[in-house]
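Undergrad: For reference, the sequence and a predicted model appear below.
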Amino acid sequence: MRITVACYRTLGRRVCGVLIDAIVAYFFLTDSAGRRASIRYLRRVHATRAGRRALGRSAGTWASFLRYRAFGRAMLDRLAIWAGKAQDFEYRVQGNEYCDRLAEAGRGGIVVGAHLGNFDALRLLAERQQRIVHALMFTAHAERINRILDELSPDVELRMIESDPNSLKAVFEIRERVQRGELVSILADRAQPGEVGRTTETVFLGTPVEIPQSPFLLAGLLGCPVLLMLAFQTGPGRYDVFTEQLTEGVQFPREEREKGVSELSTAFAARLEHYCERYPYQWFNFYDYWGDDKSS
């Protein structure tokens, strides 16, 4: 990360892109498990009409490499943002009215995202729009990542909430920030360590998957809105951003909590599938997401 940022600052995006491509090629060639998982995902996308159109080719090795390359370009943008190159980015935004309504009413909410698109591009957009968004991050990774990002951009406040499955501290921090009228973002497409048994089964790209319950349970407990926000790269430094409202805000009675969480999880998975079919190369889970190896 440090070497790549130094390259970006001194030699520019084009030269740095060549470096990123070389790094991506190395990991693609040495990551046989990741390649298998990637091709399986692409085949699921290719099985849909919209997915085939967006892929533009068969779901084989070349398509898998292009997906790895898209991940490398997203990482390049993330580092550029944290290196203070905000002026290099432009956005087209759809659904901004949902955030505007919350801001006008002084309400906070839960923003669910995924390992789809570029979350740091959303963070930069929030700064431009003067919105306060806190990211929930798994504790085991937060300290190391925060230290590097702080070195890259010491003047930027890291609005992060550290998640520890053995503590309720994060829950109280989330409640406090939502009650202050701020947004808390949570990646909701895969369970973190410590969330075993706290997932809901739903269908994603034609196959059952386990979606973590925590974002939707929190929203039900707090009675706050749930927004889906995703940012997709459409060119060097250019992003299309989509915001949708999954729920205006409901509080689940205890006897209906499981049903309410299941409905929100299903709605989230359906929209995730929609965007994966539209931007198939920008879903960045490179592991056996559906458990194909376990079932074979």
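TA: Arrived safely, thanks for sending. Residues are numbered from 1 along each chain as shown.

Undergrad: check which helix or strand covers Ala170.
TA: In the assignment (DSSP states H and E), Ala170 maps to helix 169-179.

Undergrad: So which bits of that helix are buried?
TA: Ala170, Val171, Glu173, Ile174, Arg175, Arg177, Val178 (16 or more other Cβ atoms under 10 Å). Where you see a C-beta, it was placed from the backbone N, CA and C, and this is true even at glycine.

Undergrad: okay if I get the residues you listed as a markdown table plus distance to Ile23 and pLDDT?
TA: Output for these, formatted as a markdown table (distance: Cβ to Cβ, whole Å; pLDDT from 0 to 100):
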| residue | distance to Ile23 | pLDDT |
| --- | --- | --- |
| Ala170 | 33 | 84 |
| Val171 | 38 | 87 |
| Glu173 | 35 | 91 |
| Ile174 | 35 | 91 |
| Arg175 | 40 | 92 |
| Arg177 | 36 | 93 |
| Val178 | 38 | 93 |
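
Undergrad: Could you identify the most distant pair in the residues you listed?
TA: Within the buried residues of helix 169-179, two members stand farthest from each other by Cβ to Cβ: Ala170 and Val178, at 12.3 Å.

Undergrad: show me where the stretch 101-250 of the chain has helices.
TA: Assigned by DSSP state H, counting those that start in this stretch, the helices in the stretch 101-250 of the chain fall at 119-128, 139-152, 169-179, 214-222.

Undergrad: Confidence-wise, which of the ones you listed is weakest overall?
TA: For those, mean pLDDT drops lowest on helix 139-152, to a mean of 61.

Undergrad: Can I get stretch 181-189 in PDB? Just the C-alpha atoms.
TA: What follows is stretch 181-189, C-alpha atoms only, in PDB (Å, rounded to 0.1, in the frame of the first residue of the first chain):
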ATOM      1  CA  GLY A 181     -28.900  12.000  13.200                       C
ATOM      2  CA  GLU A 182     -25.800  10.300  11.700                       C
ATOM      3  CA  LEU A 183     -25.400   7.300   9.400                       C
ATOM      4  CA  VAL A 184     -23.700   4.000  10.200                       C
ATOM      5  CA  SER A 185     -22.600   1.800   7.400                       C
ATOM      6  CA  ILE A 186     -22.300  -1.900   7.600                       C
ATOM      7  CA  LEU A 187     -21.200  -4.400   4.900                       C
ATOM      8  CA  ALA A 188     -24.000  -7.000   4.900                       C
ATOM      9  CA  ASP A 189     -23.000  -9.500   2.300                       C
END
